[in-house]
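# sequence plus predicted model, see below.
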Amino acid sequence: MSALYQQALLAHHQSPVGFNLDIKFDSAKSGHNPACGDEITVKVAVTDGVITDIAFDGDSCAICRASASIMCEQLKVTPFTQAKNIADKLIAGLESKENLSELLGDSYAPLNAVASFPIRAQCAQLPWQTFQLCFEELKP
């Protein structure tokens, strides 16, 4: 893992965006990664087709928490269907080891560091997969 990506993931882990925020939500879904033991709940508020707030909580490893933080930072104020497309691309990109910077932009680059480690990639995917469950409940 490159030192730059490690620092970015560590920063998101230590000061996660959207962690344990008490928000008024339209959907809350939980996800679990049995390989690592991660448990996470993602909460999403949507108004007029746009994510107005997004938060998460739970017990998870540093990579899962950092990924959830990146998700909250990047998806807030994003059209809901566009956010679903981002989640789909990120999950597929981690599976195929694509460069997430090229696929989605530099904000997602720290997650490139885990793509070569399948178990860690699952940790990074969990928040996004859980967000997809929220989308399925609220899809327009």
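Good, I have the coordinates. Owing to the predicted nature of the structure, the values given are computational and were not obtained by experimental measurement.

# tell me how many other residues surround Glu136.
Counted with other CB atoms under 10 Å, residues neighbouring Glu136 total 11. Glycine gets a C-beta too; all of them are placed from N, C-alpha and C.

# distance of it relative to Ser60?
Going from Glu136 to Ser60 by CB to CB, to the nearest Å gives 21 Å.

# tell me the contacts of Leu90?
Leu100, Leu103, Leu104, Tyr108, Leu111, Gln125, Trp128 (CB atoms under 8 Å, 6 or more residues apart in numbering).

# what's next to the longest helix along the chain, contact-wise?
The residue-count maximum for a helix in the chain (DSSP state H) belongs to helix 118-138. Helix 118-138 is touched from outside by 26-33, 35-36, 38, 40-44, 46, 54, 56, 60-61, 63-64, 66-68, 71, 75, 80, 83-84, 87-88, 90-91, 94-95, 111, 114-115, with contacts defined as CB under 8 Å, 6+ apart.

# contacts for the one helix or strand in the chain whose mean pLDDT sits lowest, please.
Every helix and strand of the chain was ranked by mean pLDDT, DSSP states H and E. The lowest is helix 3-14, at a mean of 78. The contact list for helix 3-14 (CB under 8 Å, 6+ apart) reads Ala62, Ile63, Arg65, Ala66, Ser67, Ser69, Ile70, Ala109, Pro110, Leu111, Asn112, Ala113.
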